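>>> the following block contains a protein sequence and its predicted model.
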Amino acid sequence: MKNADEARKIFEADFNCAQAVLATYAPGLGLDKEQALKIASGFGGGMGRMGEVCGAVAGAFMAIGLKYGMSNVDEKSAKEKTYDLVKEFSARFTELHGSIICRDLIGCDISTPEGRDKAQDQGVFDDLCPKLVYDAAQILEKIL
C-alpha cells in the first residue's frame, strides 16, 4: 500500500511513529504535512516516551478525527462515528499485535534511559516500530 509505505518512510527518516502516520494522511484530510508533524510530535513513544498508547495508533486516531470528528456541538453523530472507528481501529491493531500499548508492543519501558537503551540494543526502533507504523497505516487506509 502506497500510504503504508509512505508512513514507514517518514518514520525511517527519523520522525516519530505518530508523526509518520498522521503526516501521511493529513494533507488528504485538510491539514498540511508540516502542521501534522508538529501536532503529532508529542505523541511518539507512547505519548512523549511514556510507553502508553503507541504513537502509530495515536496518529491513526488523530487522522480518524480529522476525517470524521465533531467540530460543532450539534454533530453528535460525528462524535459517535469517530469513537466507533477508533474502537474498530484498536480492535484490528490489537488483533495483529496483541495490544495498543507501546511498552507491551515493544517489550521495553522506554520511559527510562535503561529501557530506551534496551530497546535500542534490541533494534526495536529499526525492526519492530516500522512494522507497527506500516500496519497502523494499512488499517487506517481501510477505515478511512
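Looks like it came in fine. Quick caveat: nothing in here was measured; it's all calculated off a predicted structure.
>>> please make it C-alpha for all contacts and neighbour counts, starting now.
OK.
>>> please report how far the residue most central in space within the chain lies from residue 19.
Nearest to the mean C-alpha position of the chain, by C-alpha atoms, centre = their mean, lies residue 56 at 1.8 Å. As judged by C-alpha to C-alpha, to the nearest Å, residue 56 and residue 19 stand 8 Å apart.
>>> what is in contact with these two at once?
Shared contacts of residue 56 and residue 19, defined by C-alpha atoms under 8 Å, 6 or more residues apart in numbering, comprise residue 44.
>>> contacting residues around the residue nearest to the centre of the chain?
17-21, 44, 132-133, 136.
>>> let's see 6 Å
Residues near residue 56 by C-alpha atoms under 6 Å, 6 or more residues apart in numbering: 17-18, 21, 133.
>>> and these, which of them are buried?
Neighbour counting by 16 or more other C-alpha atoms under 10 Å classes 17-18, 21, 133 among the contacts of residue 56 as buried.
>>> around residue 125, how many other residues sit close by?
Using other C-alpha atoms under 10 Å, residue 125 has 20 other residues around it.
>>> I'd guess it is in a strand, am I close?
No: if the criterion is DSSP: H, G, I helix; E, B strand; the rest coil, then residue 125 is helix and not within a strand.
>>> and it, what does it touch?
So residue 125 contacts nothing (C-alpha under 6 Å, 6+ apart).
>>> and residue 4, how far from residue 122?
For residue 4, the distance to residue 122 - C-alpha to C-alpha - is 24 Å.
>>> neighbour-wise, which of those two wins?
Using other C-alpha under 10 Å as the criterion, residue 4 and residue 122 rank with residue 4 on top: 24 against 15.
>>> circling back to that earlier point, pull the most distant pair out of the contacts of residue 56.
For these, with distances taken as C-alpha to C-alpha, the pair at the greatest spread is 18 and 133 (8.2 Å).
>>> with that, I have no additional questions.
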